[in-house]
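Enquirer: Next comes the sequence, and after it the predicted model I'd like to discuss.
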There are 2 protein chains.
Amino acid sequence: MRTLVRYLSLRCQQLACTICQHGDGGSSSDHCIYSESVSSFQSTKAKAKPTPMDHSTSLLRLIFLALGAALLVLVVRSAFRLPSGIGTTTSSLFDDSTTGGSCTRFSPWACRQGRSSTPKPPSHELDVPHHPLDPLTMREVNRARDLLRAHQPFASAPSSLFVHSLELDEPDKLVVKAWRKGADPLPPRRAVAIIRFRGESHVVAVDLDGVGAVTPLHVPASGYPMMSMDEQTSLCFAPFKDAAFNASLRRRGVRGSDVACLPISLGWYGPDEEGRRLIKSQCFSTEGTANFYMRPIEGLTVLLDMDTHDVLHVSDRGAGIPIPAAANTDYTTPAQGHEYLGYQKLRAPSMEPPEGGPGFEIVDGHMVRWGGWEFHLKGDARAGMVVSQATVEDPTTGERREVMYKGMASELFVPYMDPTEAWYFKTYMDAGEYGFGLQAMPLVPLNDCPRHARYLDAVFVAADGRPYVRENMICVFERYAGDIAWRHSESPITGMNIRESRPKVTLVARMAASVANYDYIVDWEFQMDGLIRIKVGLSGILMVKGTQYSHMNQVHRNEDMYGTLLSENIIGVIHDHYVTFRLDMDVDGADNSFVKVEMARQNNIVGESPRKSYLKATRHVARTEKDAKVRLKLYEPSEFHVVNPTKKTRVGNPVGYKVVPAGTAASLLDPEDPPQKRGAFTNNQIWVTPYNKTEEWAGGLFVYQSKGEDTLATWSERDRPIENKDLVLWYTLGFHHVPCQEDFPIMPTVSSSFDLKPVNFFESNPILRQRPTQENDLPVCTAAATVA
Amino acid sequence: MRTLVRYLSLRCQQLACTICQHGDGGSSSDHCIYSESVSSFQSTKAKAKPTPMDHSTSLLRLIFLALGAALLVLVVRSAFRLPSGIGTTTSSLFDDSTTGGSCTRFSPWACRQGRSSTPKPPSHELDVPHHPLDPLTMREVNRARDLLRAHQPFASAPSSLFVHSLELDEPDKLVVKAWRKGADPLPPRRAVAIIRFRGESHVVAVDLDGVGAVTPLHVPASGYPMMSMDEQTSLCFAPFKDAAFNASLRRRGVRGSDVACLPISLGWYGPDEEGRRLIKSQCFSTEGTANFYMRPIEGLTVLLDMDTHDVLHVSDRGAGIPIPAAANTDYTTPAQGHEYLGYQKLRAPSMEPPEGGPGFEIVDGHMVRWGGWEFHLKGDARAGMVVSQATVEDPTTGERREVMYKGMASELFVPYMDPTEAWYFKTYMDAGEYGFGLQAMPLVPLNDCPRHARYLDAVFVAADGRPYVRENMICVFERYAGDIAWRHSESPITGMNIRESRPKVTLVARMAASVANYDYIVDWEFQMDGLIRIKVGLSGILMVKGTQYSHMNQVHRNEDMYGTLLSENIIGVIHDHYVTFRLDMDVDGADNSFVKVEMARQNNIVGESPRKSYLKATRHVARTEKDAKVRLKLYEPSEFHVVNPTKKTRVGNPVGYKVVPAGTAASLLDPEDPPQKRGAFTNNQIWVTPYNKTEEWAGGLFVYQSKGEDTLATWSERDRPIENKDLVLWYTLGFHHVPCQEDFPIMPTVSSSFDLKPVNFFESNPILRQRPTQENDLPVCTAAATVA
């Protein structure tokens, strides 16, 4: 008990996998089987941990833990006076015992997160699908699981069946587009599962209706499925059973109980790394801080077999590099205390809807309607957030018009720029390796999203095939940021006293994925003028490198630091982030063309004009994929239109949407470098491919340890025709990140975005008749309770 | 009277200079001399207009107009039921008779605009300066005017003295920096005036203290001063006295009373255009729409002498081009009516401060304090908005630290991309030719800026040297846009139940200039993490070209349209916008260095690493101006730091700020093209120069008809040392604008921005200890009056 108190009084910071496993004790939900809690907890101290795949049950331990947990809530709360609904929701660790946990055999971490704004979250256990694109419900997941476990060869050893992905197999586009709510029954529901069974990967389709046929599908030649969350969680214990690893810790004077390890995907660097699922693990000291990422045990790298959890190799290149100090690293509310200093006391204003509630609605859990827009929104374990069937109302005709069939983050690529032994392999693909949606934790009301946001939950699937709920995974809110939708004043030049202005109002759908240290905030922002802005924000914590240096004056002039000295013994290593979006544009119908409107200097013939030159725009329709590969150039600018060549405006322009890049970065790695071959989908900023249902994931279906044989770059080499076809637009947003001290110990958000913008899609400004704001349109507000 | 009613019932749309001149009748303020109203009004019908420089007074006319105005308020209000406080504030045209106009002899248009949120605006007549950088007060302007008029040679003919600019001559930086409020008296107040007197330009300094010495200063060799607002206003009547011009109108079947003309700066295209102040004028039909810009009388160009208002040449190249129809062009509230359609009914949320009032203060009218930031803010007739002495509180030490001594838009360059006779010369420089601040009209409360914004007025100077007040020129507001300042969640990988997030709160200072058709919204946004975002938004109305085409199928395949067919007979001509900012950075002191941190691929030796390549950052300190000329390249990226080489962080990094470009555009014109020579300050995106008080205007002090002899590009050719010097950073933000139908008849705002971002300026994340939002921190709101 004393040990437990000590652990939790350090605010969950030590070997926290364990603590979370403790936290879900006490529920009797039929989705939960409690098992490994104590054994895995003790393992880190005993340094003789059983693998988390062992599943012994202990009722006594369970009772002990439930009582311990209840006591701890009191201890921790009284010690830290935690505010409710903000920051570290330590208390919610224990809420499962009362709200009914949705944990699974392998996934005790898949417990409900507290949702402060809605005390009684819906259980989702009785949910039914309402729309052909609705994700699998909990019941459907369970049905698929039953069917899979009954299917040969899996039926021979169902406990050896590990689910890496189990999702809706979306019906064909034509079927979905033809479906009318109320008039048509839902098309047949079908799931697609990616499974590991006895060391082999399987891709199978599962018919959820009728007899429930299970059909094997094509399995990629190289690479492995996305890691399951259970694997990622359990792998953090694996190094502790290795004597060489533990010896390394001892040499550095670190106690095993103060160590947390992360599972690090290792890319692919040649044949030595083929034939089995591998992973590397690196570790950190959790002593004295919740921000263990700032305390790397530098140079200690463990190579593991992901299937057996065997330690294959331990590399220790960090002798002499101290573990950076814990001081000033903890960013959590309890560590900071509540004495806000100076201007940090400032309180945020609130976005208040005039009508007492938001100006949008979410119908049947997934259809969002707002400001002319209608779209289907859902969470996805791999892609994160998926926007489907985005249509906009034409303000002139009232017609509902198609814009995009499906939009999502397809893959991320995060290469670190340090070629040394303990760093070269860090070239993450966060969607295909870790699951961009799996890592999207519950959003924090009032801080991640404003007060009147609405939240969507997601149902994900654990390794044992059971569903669990990720609450508050997505939020939707209406935004007024003080910006101007359009305006015009007449100046004294004409003297007309015109002062027209309209406030800009938008709708934001947001998720935030925490892929270990980093946090990615993804916003889809819909404007009333038809523009969609897709924004990626980076926050969270840097992946840092330990160093012997505590001051730049110790560094030799020519030494390559691979980054910035952020604090004593801490280097923030340079890295890039690329997020590749797959945008299945259907502008007024599926068949579209890609038009590059090139802007180039046109020189005038002498005597033709007093001007020597002007900028001329020339339209080039892309015939094949090759014509549509774009590397952006400031001095060779273009606009990039997706048009419907068969539909024209009144005066004869093809209706279209354009992709408008903003600040971005391009990968500079050698195209033949293994990580860049795997991340070859970042070789261009824009690609266009003909629609192909199997080409959803820019890095390939099996990204893990892939060689880059199944990427957008390889598909596109076929150079297929794309003119007047159902086409898919790919856009890659990039960041170069040279860390600076302001990124320590947690990074202020950096964002970049791109736009999908109507271009001759509407006959005229679609918000011409937008309502201006008058004083009596606004809500009546009085000061906050804590002020008044 | 009947005529007046007819005019106003068309909502100020016809020859609106006239209407505005009528509007200010009736005041007895001592700043107002009413004179030309009726004569100039009649002139457009009589086609025998006296120049607006004639100034006969008529008491009878005055009484007639006052009565007429009162009656018209009733007529117009009953006819259109104008809402209060929004949109077209036609009613405020007449408010001067009760609030006391601040009009000047030449500037009847310089009347007070209605300020709906504050019924009794301060008069500013008794204002005194509180800070060395405070702009000239009304009393100081009057004192300067008296001194100028008493000074030889001006005293010989004070009525021939035309003031083009009269502003504070800011004291030396060292003096301003040394000044301490309360402890020190204000440094001597001094004005600098740019004057035209008997056909000559003069630049003079005026000591406002003591005897009031007037000292002539250097006058540039080429170019002319910024036009006065009086000139711009009066020039719109000048063409009507020309027979050829009127014959052209008649040939097109347009009545003179339905015509409004704009003054168009003509650039410089060779010696023919030297030796006198020239301007071109083009005209539009005001019939049936407030948006006359969409009804160009294409091809009709009048060349005028700006001093004499003589018509020098009339060019009519537009025979056969119809004037586009008025239908669907009017965007004003009265024309749209109040029946908002479909989703355009949507009401904007409100940003509500938790404390019942904003979280910032404006001290002594100009010093803004918020969230660690403190800066001096003022309007400037030429630059628009000027931010000075921006300092930020170090959250660790509490020390106030310098960031930027002065930041402002220095010049704009807007070349149109049509080399034909009626268009080639359109290459505007909106600051140095028209006055970016002069064109900043009063902001519209609730629509241009949110509810709890505070407004700053500006005092500008009319051609006769008298001051007038531009009310609500700048607004300041606190923003919460639903964004995240920083966040981190721990995922199940580590299992720590950490959910930390902080809302992003910022402070925005905004102005919006309406340079004839175009509206520029300029935001300076200050973040609590030390970042400053400078954003330029474009809205307003396109400069369009008449065409015979009403459908694209009439256009020959190879014909260069120079733009997009937006509606029947209307082409939106391609153009660029460049806004060049002058940023006098003083990072922890005046002496700084510019460091280019170049990121380039570094190849590994075979065998050195499994990686072939990585990205390496190398610091290059710029020694001279040449080293700091930057053309951005996506594939040759760099960071651009302004550092203080003598001040290091604890671990030895030089403290700095970096300029972070976002989406931008570069000019592609021939460098030897006359407009590009004049706009050569856009040849690079970044320049750094040593501080020089006389180098404030990137296009030169006298931009009008300049040849490009006095630009940033020419100064910078001297290649002066800039290492560890007081330096000035120049950044140019660009837009290519290929119009689309959505831009018709008024453009949804398009924005771009760049950032000034701390880079190792703070020891760590400065908002680590920011307060999270809790439910009871938020205001208590109920639905709006119009909803409840």
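Expert: Sure, I can see it.
Enquirer: what ranges do the helices span in chain A?
Expert: Here chain A has its helices, by DSSP state H, at A:2-9, A:16-23, A:37-46, A:59-80, A:96-99, A:138-149, A:173-178, A:229-234, A:243-251, A:333-336, A:674-678, A:712-716.
Enquirer: Let me know how buried the residue nearest to A:Asn776 when sequence neighbours are not counted is, in neighbour terms.
Expert: Nearest in space to A:Asn776, with sequence neighbours left out and distances taken as C-beta to C-beta, 6 or more residues apart in numbering or on different chains, is B:Ala785 at 4.1 Å. The way it works is simple: take the backbone N, C-alpha and C, and place the C-beta from them, glycine included. Neighbours of B:Ala785 under the rule other C-beta atoms under 10 Å in any protein chain shown: 14.
Enquirer: do the same with A:Ala157
Expert: With other C-beta under 10 Å as criterion, A:Ala157 counts 11.
Enquirer: which residues touch it?
Expert: A:197-198 (C-beta atoms under 8 Å, 6 or more residues apart in numbering or on different chains).
Enquirer: Quick check: it vs A:Arg149, distance?
Expert: As judged by C-beta to C-beta, to the nearest Å, A:Ala157 and A:Arg149 stand 10 Å apart.
Enquirer: Pick out the residue of the stretch 151-300 of chain A closest to chain B.
Expert: A:Tyr269 (4.0 Å; C-beta to the nearest C-beta).
Enquirer: That residue reaches A:Pro674, doesn't it?
Expert: Yes: proximity of A:Tyr269 to A:Pro674 meets the contact threshold set by C-beta atoms under 8 Å, at 5.2 Å.
Enquirer: okay, those two: which has more neighbours?
Expert: A:Pro674 (22 against 18).
Enquirer: ok, that one to B:Lys612 distance?
Expert: Taking C-beta to C-beta, one finds A:Pro674 at 8 Å from B:Lys612.
Enquirer: now swap in A:Val414 and tell me
Expert: 18 Å.
Enquirer: Also A:Asp364?
Expert: Counting by C-beta to C-beta - A:Asp364 and B:Lys612 are separated by 51 Å.
Enquirer: same thing with A:Asp560?
Expert: 16 Å.
Enquirer: what do you get for A:Phe594?
Expert: 32 Å.
Enquirer: Looking at those two, which has the bigger crowd around it?
Expert: A count of neighbours by other C-beta under 10 Å puts A:Phe594 above the other of A:Phe594 and B:Lys612, at 27 against 21.
Enquirer: just checking, that one touches A:Ala622?
Expert: Yes: if you go by C-beta under 8 Å, A:Phe594 and A:Ala622 touch, sitting 4.3 Å apart.
Enquirer: what is in contact with these two at once?
Expert: Common neighbours of A:Phe594 and A:Ala622 (C-beta under 8 Å, 6+ apart) are A:628, A:688, A:722-723.
Enquirer: Quick one: residues contacting the residue nearest to A:Thr618 when sequence neighbours are not counted.
Expert: Distance criterion C-beta to C-beta, 6+ apart; nearest residue to A:Thr618, sequence neighbours excluded, is A:Glu598 at 5.1 Å. Applying C-beta under 8 Å, 6+ apart to A:Glu598 gives the contacts A:617-620, A:636-638.
Enquirer: Verify the stated contact: A:Glu352 with B:Ser350.
Expert: Yes: if you go by C-beta under 8 Å, A:Glu352 and B:Ser350 touch, sitting 5.0 Å apart.
Enquirer: Which neighbours do the two have in common?
Expert: Contacts common to A:Glu352 and B:Ser350, judged by C-beta under 8 Å, 6+ apart, are A:779, A:781.
Enquirer: low-confidence ranges in chain A?
Expert: For chain A, the stretches with pLDDT under 70 are A:1-122, A:338, A:787-788.
Enquirer: how's it carved up into domains?
Expert: Domain assignment for chain A by the TED database gives A:138-216, A:229-330, A:371-397+A:407-441+A:454-489+A:499-758.
Enquirer: was I right about A:Glu490 contacting B:Asn517?
Expert: No: applying C-beta under 8 Å, one finds A:Glu490 not in contact with B:Asn517, separated by 9.4 Å.
Enquirer: Which one's more surrounded, these two?
Expert: Between A:Glu490 and B:Asn517, A:Glu490 has the larger neighbour count (other C-beta under 10 Å), namely 26 against 23.
Enquirer: Any of the contacts of A:Glu598 buried? List them.
Expert: A:617, A:637-638 (16 or more other C-beta atoms under 10 Å in any protein chain shown).
Enquirer: taking those residues one by one, which sit in strands?
Expert: A:617, A:638 (DSSP state E).
Enquirer: Please tabulate the buried ones among the contacts of A:Glu598 in CSV, including the columns distance to B:Trp730.
Expert: What follows is those, written out as CSV (distance: C-beta to C-beta, whole Å):
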residue, distance to B:Trp730
A:Ala617, 28
A:Pro637, 21
A:Ser638, 27
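Enquirer: out of the buried ones among the contacts of A:Glu598, which touch chain B?
Expert: Filtering these for neighbours of chain B using C-beta under 8 Å from any C-beta of the partner chain leaves A:617, A:637.
Enquirer: How far does stretch A:570-580 sit from its chain's centre?
Expert: 16 Å (C-alpha atoms, centre = their mean, to the nearest Å).
Enquirer: Just the CA atoms of it, as PDB, please.
Expert: Taking Å, rounded to 0.1, in the frame of the first residue of the first chain, the C-alpha atoms of stretch A:570-580 are listed here in PDB:
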ATOM      1  CA  ILE A 570      19.500  18.100 -23.100                       C
ATOM      2  CA  ILE A 571      19.700  18.500 -26.900                       C
ATOM      3  CA  GLY A 572      16.500  19.000 -28.900                       C
ATOM      4  CA  VAL A 573      17.200  17.000 -32.100                       C
ATOM      5  CA  ILE A 574      16.300  18.500 -35.400                       C
ATOM      6  CA  HIS A 575      13.400  16.700 -37.100                       C
ATOM      7  CA  ASP A 576      10.800  17.100 -39.800                       C
ATOM      8  CA  HIS A 577       7.100  16.400 -39.700                       C
ATOM      9  CA  TYR A 578       5.100  15.500 -42.800                       C
ATOM     10  CA  VAL A 579       1.400  14.900 -42.700                       C
ATOM     11  CA  THR A 580       0.000  13.500 -46.000                       C
END
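Enquirer: Next, the contact list for the residue lying closest to A:Ile493 once chain neighbours are set aside, please.
Expert: Of all residues not flanking A:Ile493 in the chain, B:Gln232 sits nearest, at 4.8 Å (C-beta to C-beta, 6+ apart). B:Gln232 makes contact with A:492-493, B:263, B:434, according to C-beta under 8 Å, 6+ apart.
Enquirer: run the last query once more with 10 Å
Expert: A:491-494, B:17, B:109, B:226, B:262-263, B:265, B:279, B:306, B:433-435, B:438-439, B:515-516 (C-beta atoms under 10 Å, 6 or more residues apart in numbering or on different chains).
Enquirer: tell me which residues of stretch A:599-611 are tucked away?
Expert: Buried residues in stretch A:599-611 (16+ other C-beta under 10 Å): A:599, A:601-602, A:604, A:609-611.
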